[in-house]
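Colleague: coords below, sequence missing:
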């Protein structure tokens, strides 16, 4: 049986629920090795998330001056935005070890008790996808976070005995992509909650320049701008696309990543100007061409593109909605005018169901002619 800390972080090894790996925000096992070499090691090196970085710097500096571990930290937001990097930076800034595990790997309270009892004073315990931790382990975590002790139950039935076990003071860093699934008691025990936001193109260009230097890639300014514009606001996707464009540049060109090289490479990998991949475009084309813009149910839409419903709903729709190309309405999924224009399809007579919009604008923005959601 493997030790709890030896278990790998759970993730979509194939890039995430059937979506093309190029623009999936999930990280496979092999990609984690590459990411570890590109991760920043201090808050000064960390790019983006200025509010969270500033707040976290104050929390850590205050704790160091008091000589005590900082409050427990919860980082929430979509995958690929730097939650794991920040957790490792916390350990680096404090000069302590970081123990890494994931919520699904903690199946029993005994697993968690073993982890906590092996922590040295001031260590950082990082639990990825903490909302998926088993309920018995979560209840044991309450007392550990507040009182730095756990009750280990020995025996079964009427003869069971709870033995209190003191643990060293530690800092728990939890990461979640589904903050709404956290229970209230667990969320309330975190002293600092940081909400990670999607990156602006200029921030992604900084990430790309830093990664290019570490990878030894000659990246031009217009080349970085082209890749950043197709990275869906996510550093993980930006770094992945940089590596694919680098391969193309080394094989088909002179190794320099220019705008023209980036455009040719990303076209080869089916990543268009908005960052949509093959599956995203298939969903949009089915909605616009086959169903005339909708409304249509997600199950019907999934059958039309040959995918599972949860793949369309959890992988494709979040970005399509954020880009203003699709909306979820009480009657089903509906394409906006931006979707018709992006696909180069003529607008239907009388206009699309949701009126005018521009790519990148949020649903419900100016120009929408009917409500998107129930009152």
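Modeller: Arrived safely. These numbers were taken from a predicted model, which means no experiment stands behind them. Numbering: from 1, shown residues only.
Colleague: What segments of the stretch 201-350 of the chain are strands?
Modeller: Along the stretch 201-350 of the chain, counting by DSSP state E, counting those that start in this stretch, strands occupy 218-219, 256-257, 326-329, 332-335.
Colleague: any chance of those in a markdown table, with distance to residue 44 and mean pLDDT too?
Modeller: Just so you know, the C-beta spots here come from the backbone N, C-alpha and C atoms, and that holds for glycine as well. Formatted as a markdown table, the strands of the stretch 201-350 of the chain follow (distance: least, Cβ to Cβ, whole Å; pLDDT from 0 to 100):
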| stretch | distance to residue 44 | mean pLDDT |
| --- | --- | --- |
| strand 218-219 | 22 | 89 |
| strand 256-257 | 26 | 88 |
| strand 326-329 | 39 | 83 |
| strand 332-335 | 44 | 84 |
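Colleague: and among those strands, the most buried is which?
Modeller: Comparing the strands of the stretch 201-350 of the chain by mean neighbour count (mean count of other Cβ atoms under 10 Å), strand 332-335 ranks first with a mean of 24.
Colleague: Now do that one: which elements does it pack against?
Modeller: Here strand 332-335 is seen to pack against helix 298-305, strand 326-329 when contacts are counted using 3 or more Cβ pairs under 8 Å, 6 or more residues apart in numbering; DSSP states H and E.
Colleague: TSV for these, including distance to residue 124?
Modeller: Formatted as TSV, the entries for the helices and strands packed on strand 332-335 read as follows, by distance: least, Cβ to Cβ, whole Å:
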stretch	distance to residue 124
helix 298-305	40
strand 326-329	38
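Colleague: which stretch among the strands of the stretch 201-350 of the chain comes nearest residue 147?
Modeller: Smallest distance to residue 147 across the strands of the stretch 201-350 of the chain (Cβ to Cβ): 43.6 Å, for strand 326-329.
Colleague: all helices in the stretch 151-300 of the chain, in order from the N-terminus.
Modeller: Per DSSP state H, counting those that start in this stretch, the stretch 151-300 of the chain carries helices over the ranges 184-188, 201-215, 221-229, 235-252, 259-268, 278-285, 298-305.
Colleague: For residue 177, which of those helices is the nearest?
Modeller: Taking the helices of the stretch 151-300 of the chain one by one with Cβ to Cβ, helix 235-252 is closest: 12.4 Å.
Colleague: average pLDDT for the closest one?
Modeller: When pLDDT is averaged over helix 235-252, the result is 90.
Colleague: Need the residue closest to the centroid of this protein.
Modeller: Central residue of the chain (Cα atoms, centre = their mean): residue 79, 0.5 Å from the mean position.
Colleague: my read: it touches residue 177, true?
Modeller: Yes - using Cβ atoms under 8 Å, residue 79 is in contact with residue 177, at 5.4 Å.
Colleague: picking that back up, in a markdown table, list the strands of the stretch 201-350 of the chain along with distance to residue 111.
Modeller: Shown next, in a markdown table, are these (distance: least, Cβ to Cβ, whole Å):
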| stretch | distance to residue 111 |
| --- | --- |
| strand 218-219 | 44 |
| strand 256-257 | 45 |
| strand 326-329 | 38 |
| strand 332-335 | 41 |
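Colleague: how near is residue 37 to residue 210?
Modeller: Residue 37 is 12 Å from residue 210, where distance means Cβ to Cβ, to the nearest Å.
Colleague: So between the two, which is more surrounded?
Modeller: Legend: neighbour count by other Cβ atoms under 10 Å for residue 37 and residue 210, higher for residue 210 (16 against 9).
Colleague: How much space separates the more buried one from residue 84?
Modeller: Counting by Cβ to Cβ, the gap from residue 210 to residue 84 is 17 Å.
Colleague: Then residue 185?
Modeller: Residue 185 sits 25 Å away from residue 84, going by Cβ to Cβ.
Colleague: what does residue 175 give?
Modeller: Using Cβ to Cβ, residue 175 is found at 7 Å from residue 84.
Colleague: before we move on, what about residue 225?
Modeller: Residue 225 is 27 Å from residue 84, where distance means Cβ to Cβ.
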